[in-house]
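Asker: I'll drop the sequence and a predicted model, then ask my questions.
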Amino acid sequence: MEEKAKFGDKVSIRTVHETFEGNLIESHEPGLVLLKLKNGYNFGIKKEDIVSINVLESKTTKETKKQIKVNPGLKNVDVIITGGTISSKVDYASGGVKWLTNPEDLFELYPEIFKICNVRKVIVPFMKASENMDSSDWQEIAKICEKSLNDSEVSGVIITHGTDFLYYTAAALSFFLRDLNKPVVLTYAQRSSDRASSDADLNLQCAARVAVSDIAEVVLVGHGSWNDDYCYALLGSKVRKIHSSRRDAFKPVNTKPIAKIFPDGKIEKISNHHIRNDNGKVKLDLGFNDKVALIKFYPGMDSEIFDYLASRYQGIVIEASGLGHLAIDEARKNLLPSIKKAIDNGLIVCAAAQTVYGRLDPLVYSPGRKLMQSGIIFLGDMLSETAYVKLGWALAHRQWKDKIKEKMTENISGEINSRLEE
């Protein structure tokens, strides 16, 4: 390797076979030169095959970080960074990633959002993969949101987040933030910013446009299709990750998107929503009872599983069949006696559909009616993940001790849709 080529430099490497372009990154394999290609993938080249290395752009001569000028004609937004692909940038020296921790880092990677809003501050309460979060993390995010939203200088809040369990956080904020006065926008990236197919920049641009709009809801904003043609704003209590890798991974469930956001700034309203009230004050309702479980029924499920959880928890959400059925009557492993006993002993048991789309209807067949008579609370079209979050939140309200069924079936944050379109 020529001495003038350093880690982080953009180079052209000519081999005996072909020529490759990318950024040099550190290789821990002797005899191998490692490139990060434009598509984001790392590519190894044997040193013995290299004919020449030409530096196209030196890391040391790259433009230094620009000073961010506040535009008095734009609204202010606070950005909460919690982790995930969208919250990081590639370190070409190591091939790893570094977290974005200030407005300058955001500007360097995503300059377009600064044409839409002023990023007043970047707040980093923690950096976690979404699977490592729990209710205390949701509460911490909600507290930061409340402080920002009740500041007259702030138009809205953007939260960057890992994708896999993003919809749990969205559901939690939908219940924790009462009398919401301004937009709370969660966004993400399925693909890192160094890849040509990254969705991060457009998602952030669309998130910024919603954050300064009149949509006073907790929403998830991201690609609405495979292409870079528009994003959707999806209600936080009615959204789910449906695909593991597509850029339009999130879909609204049993409802329509709130809005369609285009790259040119146009926002097309699709469904009703609460309107911003800059004079209003959001209130925190942070209670959460962690003694809640979410379980999926499957054929042959042993009642011992339910009994074990029932003895240790105060609430259980069961993902039942599409209509709300579980194994009872002639089933070798009848769950009904265990369910009746647990409910009689004070356990709150709720049912949600594992089919995702559609609504439970326990009145169609006798098994459903028997389960309903046992005291199970059937939650209509509520997503099971939202039901888990809502039950934990509801059980934390001691004054609701005798009203849990009433509260679980009340449409508090748009989580229940009484009119479904086929």
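Answerer: Yes, it's here. Being a predicted model, the structure only gives us computed values, none of them experimental.
Asker: Dihedrals phi and psi, I305?
Answerer: phi -60, psi -50 (degrees, to the nearest 10).
Asker: right, and it touches F297 too?
Answerer: No - the pair I305 / F297 is not scored as a contact, 9.7 Å apart, by C-beta atoms under 8 Å. Using the backbone N, CA and C atoms, a C-beta is placed for each residue, glycine as well.
Asker: SS state for the closest residue to F114 other than its chain neighbours?
Answerer: Of all residues beyond its chain neighbours, the one nearest F114 is F107 (5.8 Å), with distances taken as C-beta to C-beta, 6 or more residues apart in numbering. Three-state assignment for F107 (DSSP: H, G, I helix; E, B strand; the rest coil): helix.
Asker: So for F107, what's the pLDDT?
Answerer: According to the prediction, F107 has pLDDT 70.
Asker: gap between it and I68?
Answerer: Relative to I68, F107 is positioned 5 Å away (C-beta to C-beta, to the nearest Å).
Asker: And these two? Which one has more around it.
Answerer: Neighbour tally, F107 and I68, criterion other C-beta atoms under 10 Å: the higher count belongs to F107, 18 against 15.
Asker: That one contacts K115, correct?
Answerer: No - if you go by C-beta under 8 Å, F107 and K115 don't touch, sitting 10.8 Å apart.
Asker: any idea how far K69 is from the residue nearest to F114?
Answerer: Distance from F107 to K69, by C-beta to C-beta: 10 Å.
Asker: wait, isn't I116 in contact with C206?
Answerer: No - using C-beta under 8 Å as the test, I116 is too far from C206 to be in contact (9.3 Å).
Asker: When those two are compared, which one has more neighbours?
Answerer: Neighbours were counted for I116 and for C206 using other C-beta under 10 Å; C206 has more, 29 against 20.
Asker: Can I take it that that one is in a strand?
Answerer: No - under three-state DSSP, C206 falls outside any strand and is assigned helix.
Asker: For it, give me the pLDDT.
Answerer: 96.
Asker: contacting residues for it?
Answerer: By C-beta atoms under 8 Å, 6 or more residues apart in numbering, the contact set of C206 is T187, V221, G222, Y230, C231, A233, I261, P263.
Asker: Please identify the buried residues of the longest helix seen in the chain?
Answerer: Ranked by residue count, the top helix of the chain under DSSP state H comes out as helix 135-149. Across helix 135-149, burial judged by 16 or more other C-beta atoms under 10 Å covers S135, D137, W138, Q139, E140, I141, A142, I144, C145, E146, S148, L149.
Asker: Kindly report the same for stretch 311-330.
Answerer: 313-321, 323-328.
Asker: can you pull out the helices in this protein?
Answerer: Under DSSP H, the chain gives helices at 103-109, 135-149, 166-176, 200-211, 303-310, 336-344, 366-373, 384-395, 404-408.
Asker: Between these, which one is closest to K10.
Answerer: Closest approach to K10 among these is made by helix 103-109 (15.8 Å; C-beta to C-beta).
Asker: what comes up buried for the closest one?
Answerer: Buried residues in helix 103-109 (16+ other C-beta under 10 Å): P103, D105, L106, F107, E108, L109.
Asker: helices or strands next to that helix in the packing?
Answerer: Of the remaining helices and strands, those touching helix 103-109 by 3 or more C-beta pairs under 8 Å, 6 or more residues apart in numbering; DSSP states H and E are strand 88-91, strand 118-123.
Asker: Return the distance of that helix from the chain's centre.
Answerer: Helix 103-109 sits 22 Å away from the centroid of its parent chain (C-alpha atoms, centre = their mean, to the nearest Å).
Asker: before we move on, what about stretch 115-129?
Answerer: 15 Å.
Asker: can you list the residues that contact that stretch?
Answerer: Residues contacting stretch 115-129 (C-beta under 8 Å, 6+ apart): 68, 70-71, 74-84, 87, 99-103, 105-107, 113, 137, 140-141, 144, 148, 153-155, 162, 164, 205, 208-209, 211-212, 265.
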